[in-house]
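Colleague: Model the structure of this input:
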Amino acid sequence: MDLENFLEQVKDPDLRQIVHAIAEASVSIDQVLRNGVQDVSSSAVAAAPGQQHNAFGDAQLSEDLTADHLARSRLLQVPCVSYVSSEENPTEQRGPGHKYAVAFDPLDGSSVLESNFSVGSIFGVWRTAERLVGCQGRDMVAAAVTLYGPRLVLVVAVDPGLMSSDWPGGVASFRWTTSNDARWRLLKQWSPDLLRHSSASLFAPGNLRATQELPPYDRMVRSWIESRYTLRYSGAMAPDVFQIIAKGQGIFCNPSVPGKAKLRLVYEALPLAFLVEAVGGRSSDGSRTSTSLLDKRITLLIERTPVVLGSPSEVQRYIEAMNET
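Modeller: Numbers count the residues shown, from 1 in each chain. As a prediction, this is how the structure comes out:
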């Protein structure tokens with residue numbers, strides 16, 4: 001099975017085109033990361049020296065801008081796309097169509113590129129002819145993550161209602177291969193119940209500085225260590241979250257002190273929550289009343305949020321611990 005076979009099971013041909021575009025852009029981004037930005041000629045790269053920070057205040061590398069250009073330009077070629085928006089340029093650019101909006105983080109984890117760690121791209125697809133502002137995560141119909149590491153891997157989840165009856169649900173991953181013929185070959189499929197009853201023994205704790213200001217988080221981290229959980233955290237959210245799916249258990253968290261959330265709701269948190277929930281996991285902002293990140297309504301494209309994702313029982317334990325009085 002390859003990506004083409006998978007897409008044949010997607011009922012909506014328009015959505016197929018979007019996943020195709022994401023896959024093609026991912027190959028182009030991978031080539032840039034492996035061969036260098038100088039191999040890509042674009043106005044985005046030429047403008048890079050004058051664009052030092054994005055709207056979130058993050059420093060922009062030429063790789064960030066190139067990845068943004070490659071993904072944005074490819075998605076805008078898809079006739080059904082109504083809007084595109086990215087972390088590097090958090091505005092809503094009008095597309096040629098009136099059906100699906102796509103939000104993406106073109107190069108998640110670029111701050112660890114210098115260390116040659118794995119990084120990724122994150123994509124969320126919303127069924128809307130209107131702007132993303134006002135939508136919820138529940139309006140998403142698909143999400144994808146590309147992982148640029150020792151292997152080039154594309155991870156895709158599609159709303160089961162848009163798949164044929166032959167598709168068991170869950171998440172599928174594909175590996176880009178160039179032997180014989182270049183294509184995305186199936187790497188693995190994960191059941192929609194993968195995480196539902198799993199017990200975590202892996203933790204990926206972001207923002208450890210917050211342990212100094214949030215005693216409950218300090219106690220939670222110490223509890224994981226005392227329970228001999230395995231700590232695996234690289235600082236790139238896409239691979240740090242994907243490992244939970246790959247291992248079939250675990251928890252990722254990134255809490256925040258008041259007013260200092262780090263992760264972007266639209267470009268990072270919601271697409272990854274969609275993926276995790278597609279395999280029976282749970283997502284939350286960690287608050288006592290939180291049910292799912294997918295219930296959040298987008299009020300600002302630059303909105304940030306605390307995040308916890310993973311095995312439902314471990315996410316619940318985290319929420320209870322973080323809200324102890």
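
Colleague: quick one, strands of the stretch 101-250 of the chain?
Modeller: Assigned by DSSP state E, counting those that start in this stretch, the stretch 101-250 of the chain shows strands spanning 119-127, 140-148, 152-158, 171-177, 183-190, 202-205, 230-231.

Colleague: Which one of the ones you listed lies nearest to residue 287?
Modeller: strand 202-205 (17.9 Å; Cβ to Cβ). Where you see a C-beta, it was placed from the backbone N, CA and C, and this is true even at glycine.

Colleague: which other residues reach that closest one?
Modeller: Residues outside strand 202-205 that contact it (Cβ atoms under 8 Å, 6 or more residues apart in numbering) are 221, 224, 229-233, 240-241, 243-244, 247, 249-253.

Colleague: and that strand, average pLDDT?
Modeller: Strand 202-205 shows a mean pLDDT of 98.

Colleague: any weak-confidence spans in the stretch 51-200 of the chain?
Modeller: 51-52, 57 (pLDDT under 70).

Colleague: ranges for the helices of it?
Modeller: In the stretch 51-200 of the chain, the helices defined using DSSP state H, counting those that start in this stretch lie at 62-75.

Colleague: any idea how far residue 242 lies from residue 283?
Modeller: Plainly put, residue 242 is 14 Å away from residue 283 if you go by Cβ to Cβ, to the nearest Å.

Colleague: which residues does residue 103 contact?
Modeller: 84-86, 123-124, 126, 132, 266-267, 270-271, 301.

Colleague: where does residue 76 sit relative to residue 268, distance-wise?
Modeller: In terms of Cβ to Cβ, residue 76 sits 21 Å off from residue 268.

Colleague: just to revisit the earlier point, for residue 36, which of the strands of the stretch 101-250 of the chain is the nearest?
Modeller: strand 140-148 (13.9 Å).

Colleague: Can you list the strands that that closest one pairs with?
Modeller: Partners of strand 140-148 in the sheet, by DSSP bridges, are strand 119-127 (antiparallel), strand 152-158 (antiparallel).

Colleague: Just name the most buried of the ones you listed.
Modeller: Neighbour counts (mean count of other Cβ atoms under 10 Å) averaged over each of the strands paired with strand 140-148 peak at strand 119-127, with a mean of 26.

Colleague: Could you export that strand as PDB, keeping only the C-alpha atoms?
Modeller: What follows is strand 119-127, C-alpha atoms only, in PDB (Å, rounded to 0.1, in the frame of the first residue of the first chain):
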ATOM      1  CA  VAL A 119      12.100  18.600  12.900                       C
ATOM      2  CA  GLY A 120       8.700  18.600  11.300                       C
ATOM      3  CA  SER A 121       5.900  20.300   9.500                       C
ATOM      4  CA  ILE A 122       2.400  20.400  10.900                       C
ATOM      5  CA  PHE A 123      -0.800  20.900   8.800                       C
ATOM      6  CA  GLY A 124      -4.500  21.200   9.800                       C
ATOM      7  CA  VAL A 125      -7.400  21.200   7.300                       C
ATOM      8  CA  TRP A 126     -10.700  22.900   8.200                       C
ATOM      9  CA  ARG A 127     -14.000  22.500   6.300                       C
END
